[in-house]
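Asker: just the structure for this:
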Amino acid sequence: MFIEEGELVDEVIDSEISNASSIKINLNNTSNIDCEEVKIIEGELIDETVDVEDDFTNTVIDLTMTSSAKVSGNKLEIIGGELVDEIVDATNGIRSSVNVSINDTGNFDKTGSQLSEVLITDGELMDEIVDGTYVGVSALHINATNSANAKTPSLPLLGDSILLPPIDIDSIERSNIIYHVKNSGVHI
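Answerer: Numbering: from 1, shown residues only. Prediction:
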């Protein structure tokens, strides 16, 4: 399978702004690939799940992603891409509540008895779970379990590569952030 500048699932929610809204998303067993080789160049299996171009204000986001964006095979190569792009991508989050739960997602599992390899250049298995410039007077509860793992003996990470980067927020003001990661971002 070959993806270049594309994705299997594009944004689930793509909006300019969100004000006084309630968003609930549940992705289960979505965008999984089972084949010998997968190569992704400047693309992803799941693009930004919630993409708010500017601000979300007084908004409640509940997002669950389970057993999704997984690759089973013998070779995975990612160049400038990822299996899962940002889960929540916005400029600012103000007076809002964001609950994200990710389980068994963005993983590579070796199949068969052949040698396997994952090669990542300037990419990730899973990009930032939350990516925003400013979060003010908000609550973020992020749980990631058994996700962004590579089960392979060979795992070169070249350039600016990582399995699971942290949440990326430039400025935080009077907010409550809980980030719980268990068995994630692991090379097994």
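Asker: make it CA atoms for all contacts and neighbour counts henceforth
Answerer: Will do.
Asker: give the buried residues for the helix or strand harbouring residue 142.
Answerer: Counting by DSSP states H and E, the element that carries residue 142 is strand 139-145. By neighbour count on 16 or more other CA atoms under 10 Å, the buried set for strand 139-145 is 139-140, 142-145.
Asker: now do that strand: distance to the chain's middle.
Answerer: 12 Å (CA atoms, centre = their mean, to the nearest Å).
Asker: what separates the residue lying farthest from the centre of the chain from residue 92, distance-wise?
Answerer: In the chain, the greatest distance from the average C-alpha position (CA atoms, centre = their mean) is reached by residue 113, at 28.7 Å. Separation of residue 113 from residue 92 (CA to CA, to the nearest Å) stands at 47 Å.
Asker: same thing with residue 135?
Answerer: 6 Å.
Asker: likewise residue 122?
Answerer: To residue 92, residue 122 is 26 Å away according to CA to CA.
Asker: next one: residue 2
Answerer: From residue 2 to residue 92 the distance is 34 Å (CA to CA).
Asker: what's the answer for residue 67, then?
Answerer: From residue 67 across to residue 92, the span is 29 Å (CA to CA).
Asker: go on, residue 42?
Answerer: Distance from residue 42 to residue 92, counting by CA to CA: 25 Å.
Asker: which of these two has more neighbours?
Answerer: Neighbours per residue, other CA atoms under 10 Å: of residue 42 and residue 92, the larger number sits with residue 92, 21 against 16.
Asker: which ones are touching that one?
Answerer: Residues near residue 92 by CA atoms under 8 Å, 6 or more residues apart in numbering: 54-56, 132-136.
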